[in-house]
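1. Kindly return the folded structure for what I paste below:
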Amino acid sequence: LLQGWADDAKQGQPFFLYVPFASPHTPIVPTAPWYGQSGLNPYADFVMQTDDAIGQILGALDELELADDTLVVFTSDNGCSPQADFAELRGLGHDPSYVFRGHKADIYEGGHRVPYIARWPAGLPAGAKCAALIGLQDTLATCADIIGMELPDAAGVDSFSWLPRITQGNLDGPVRESLV
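-> Below you'll find the model as predicted:
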């Protein structure tokens, strides 16, 4: 299947692959090979398993020579679940909400601030970091911008493209003024 997509992509037929991992969401159920691997707790094991699966996808893109022209986005829908056992993790030197107060299902920033990691060798400088405020909904306008498509007036009204920040080299310039 992947080889077919690779062949089509090399002939100018792009593909879209959506991989919605259940992890590291609840229930926290790392598979047997991953259980105990983190040395922290099952949640950390589950995160490691997810990291490995993402690495396999990135490796396949590299092997099929598709990585340069493929935008890969890794993100989450909300902060870490309290079922991860924050107290245990903190006691072992890890805080899944980093310095932010809160977790999934509450109103605090730790429940809403999530990673947004992108890899696109032909379009993003390696190791670049952006401190601008963006939201998951900004992916729509950004992808439309990448392919040169103008969104209809009623589509993605709350979506702003971060592509100009990349192409202009201003990774910290504002994308949006606020995010509700």
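2. Distance of Asp172 relative to Ala141?
-> Noted for Asp172: a distance of 19 Å to Ala141, by CB to CB, to the nearest Å. No exception for glycine: its C-beta is placed from N, CA and C like everyone else's.
3. Mind telling me which residue is nearest the centre of the chain?
-> Nearest to the mean C-alpha position of the chain, counting by CA atoms, centre = their mean, stands Phe74 at 1.7 Å.
4. helix/strand/coil for that residue?
-> Assigned with DSSP: H, G, I helix; E, B strand; the rest coil, Phe74 falls in the strand class.
5. Any idea what it is bridged to?
-> Beta bridges link Phe74 to Ile117, judged by DSSP bridges.
6. Spell out, range by range, the helices that occur in this structure.
-> 2-10, 42-63, 86-91, 138-146, 163-167 (DSSP state H).
7. Quick one: closest of these to Ala132.
-> Checking these against Ala132 by CB to CB gives helix 163-167 as the closest, at 6.3 Å.
8. Could you tell me which residues make contact with Gly135?
-> Asp158, Arg176, Leu179 (CB atoms under 8 Å, 6 or more residues apart in numbering).
9. Starting from Leu136, give me the distance back to the second one.
-> Pointing back at Arg176 there. 12 Å.
10. Check the first one too.
-> As defined by CB to CB, Asp158 lies at a distance of 11 Å from Leu136.
11. same deal with Gln13?
-> 27 Å.
12. what does Val175 give?
-> Distance from Val175 to Leu136, by CB to CB: 12 Å.
13. So if I had to pick from those two, which one is more boxed in?
-> Each of Val175 and Leu136 has its neighbours counted (other CB atoms under 10 Å); Val175 has more, 20 against 14.
14. check contacts around the more buried one.
-> Neighbours of Val175 in contact, by CB under 8 Å, 6+ apart: Ala132, Leu133, Ile134, Asp138, Phe160, Ser161, Trp162, Arg165.
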